[in-house]
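> Next one to model:
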Amino acid sequence: AALTVRFLTRRFIGEYGDMEFIYSHNLTVDGREILFHIWDVPNSQQTEEGSSEEKRIQWADSFVLVYSICDRASFNILPLKIQFIKATKEGQSQEKVPIVIVGNKRDLHHQRVVSSEEGRLLALSLDCGFYEVSAAE
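Below you'll find the predicted structure:
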C-alpha cells in the first residue's frame, strides 16, 4: 500500500490497515495519456487461492508483486504466487503476462534479510522484471 500511495501521490505514509483498494490514476508516458487501475491487495489477503484471487488475476493486465527486504516470508511466497498467476492468466492465451518483482524498504538495509542478488535471481528464474525501491525515500 505504501508503494501504491507513493506512486499516486508522491507522499509516504508508513502505516496501513489490512484493506483492499482499487485506485485509478491518469499519467502521461511518452506523450500518451495512460489510465492506470491499481488493485492493491494486502499480503494477508493474498493467501487464498480461490475464486477471489482468480478474479483479481483475470481482471489485471500486469502484476507488481512487492516484498519487504526485511521479511523473508514475504519473499518466500513469491514463487507460488507467480506460478499461480501464470497458470491462471497464461493458461487462456499464449501471451506472456507482464510480472515485476519489487523489493521494498531498501532504506532499511541494516535490517535486510533478503539480498538484492536473491531478488534478481528469483526474477530471472521466473522470467520477471526486478527492482529494489524504498517507498519511504
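> only C-alpha atoms for contact and neighbour calcs from this point on.
Will do.
> Can you check which helix is longest in this structure?
The helix of greatest length in the chain, counted in residues with DSSP state H as the criterion, is given as helix 78-90.
> Now that one: buried residues?
78, 82, 84-86, 88-89 (16 or more other CA atoms under 10 Å).
> What is the lowest-pLDDT residue among these?
When the buried residues of helix 78-90 are compared on pLDDT, residue 89 comes out least confident, at 82.
> residues touching residue 66, list them.
The contact partners of residue 66, taken as CA atoms under 8 Å, 6 or more residues apart in numbering, are 101-104.
> Return the member of those residues nearest to residue 126.
When the contacts of residue 66 are compared for distance to residue 126 (CA to CA), residue 101 comes out closest, at 9.9 Å.
> can you list contacts of the strand or helix carrying the closest one?
Secondary structure from DSSP states H and E places residue 101 in strand 99-104. Counting contacts by CA under 8 Å, 6+ apart, the residues outside strand 99-104 that touch it are 62-69, 82, 119, 123, 128-135.
> Check the spacing between the residue positioned nearest the centre of the chain and residue 30 real quick.
In the chain, the residue lying closest to the centroid (CA atoms, centre = their mean) is residue 65, at 2.2 Å. Counting by CA to CA, to the nearest Å, the separation of residue 65 from residue 30 is 25 Å.
> so the residue nearest to the centre of the chain touches residue 80, yeah?
No: in this structure, residue 65 sits apart from residue 80 without contact. The criterion is CA atoms under 8 Å, and the distance is 11.6 Å.
> since we're on residue 34, how many residues are nearby?
Using other CA atoms under 10 Å, residue 34 is surrounded by 12 other residues.
> Am I right that it is in a helix?
No: Residue 34 sits outside any helix when classified using DSSP: H, G, I helix; E, B strand; the rest coil, being strand.
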